[in-house]
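**Q** pasting the structure only:
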């Protein structure tokens, strides 16, 4: 497990995905790194967990998360970018009595062609996609492989739906797959959408 403080009240952790397959065919639906990213965010009215996956070090993880939830005294909200990122959401929802609605301070940005919701955290100037944007090394991102999209959806359609994200004053992009973008997010996104 890797845990990084991205900004005050904003953390990203990684955990190995149990469905990961070694040596996938490049650009196939299974072509993603074993470690996937998850987000913890202290919104004004809730502790928000986006696409949470429990790490192997569960005791340490719960100790820290319990402490933060108690310290803040706020309800917990669990948000999924895509339905198949359910992963540990049910267990965490049961533990914290969590809701599934985005609280104030978290904006839902639907991407219908990909059956995904991207989350925008305005105060943190941070975008949290699920699968539509992935890490591309050297602090870059790219649009996901076409094989990840629902049948009948192509990359041009996806790029057109993502284009309005360039209107956001975004600094960071916390991807699920690959390394996050921690600075210059808007410029990095522009390069990814133009490719």
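**A** Yep, that arrived. Worth saying up front: this structure is predicted, and the values here are computed from it rather than measured.

**Q** what's the neighbour count on the closest residue in space to residue 34 that isn't next to it in sequence?
**A** Excluding its sequence neighbours, the residue lying closest to residue 34 (C-beta to C-beta, 6 or more residues apart in numbering) is residue 20, at 4.3 Å. Every C-beta, even on glycine, is put in place using the N, C-alpha and C of the backbone. Applying other C-beta atoms under 10 Å, we find 13 residues neighbouring residue 20.

**Q** Shouldn't residue 20 be within a helix?
**A** No: applying DSSP: H, G, I helix; E, B strand; the rest coil, one finds residue 20 to be coil, outside a helix.

**Q** Contacts only, for residue 172.
**A** Residues in contact with residue 172 (C-beta atoms under 8 Å, 6 or more residues apart in numbering) are 6, 7, 124, 125, 126, 127, 180, 181, 182, 183, 185.

**Q** Buried members of those residues into PyMOL, please.
**A** For the buried members of these, the matching PyMOL selection, counting by 16 or more other C-beta atoms under 10 Å, is:
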select buried, resi 6+124+125+126+127+180+181+182+185
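
**Q** and which of the contacts of residue 172 is nearest residue 167?
**A** Closest approach to residue 167 among these (C-beta to C-beta): residue 127, at 11.8 Å.

**Q** The host helix or strand of residue 11 pairs with which strands, parallel or anti?
**A** Taking DSSP states H and E as the definition, one finds residue 11 inside strand 10-16. Next to strand 10-16 in the sheet, as set by DSSP bridges, lie strand 2-7 (antiparallel), strand 35-42 (antiparallel).

**Q** so of the ones you listed, which one's packed in deepest?
**A** Highest mean neighbour count among those (mean count of other C-beta atoms under 10 Å): strand 35-42, with a mean of 22.

**Q** Quickly note the distance from residue 134 to residue 87.
**A** 17 Å (C-beta to C-beta, to the nearest Å).

**Q** between the two, which one's more packed in?
**A** residue 134 (22 against 19).

**Q** Tell me which residues touch the more buried one, please.
**A** 32, 141, 142, 143, 144, 175, 176, 177, 178.

**Q** for it, which residues make a bridge with it?
**A** With DSSP bridges as the rule, residue 134 is bridged to residue 142.

**Q** quick one, helices of the chain?
**A** Ranges of helices in the chain, per DSSP state H, are 58-72, 89-96, 155-162, 185-194.

**Q** I'd like the ones you listed as CSV, with mean pLDDT and distance to residue 26 appended.
**A** Formatted as CSV, those follow (pLDDT from 0 to 100; distance: least, C-beta to C-beta, whole Å):
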stretch, mean pLDDT, distance to residue 26
helix 58-72, 96, 32
helix 89-96, 96, 30
helix 155-162, 95, 16
helix 185-194, 96, 18
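
**Q** Identify whichever of the ones you listed lies nearest to residue 27.
**A** Closest among these, using C-beta to C-beta: helix 155-162, at 11.3 Å.
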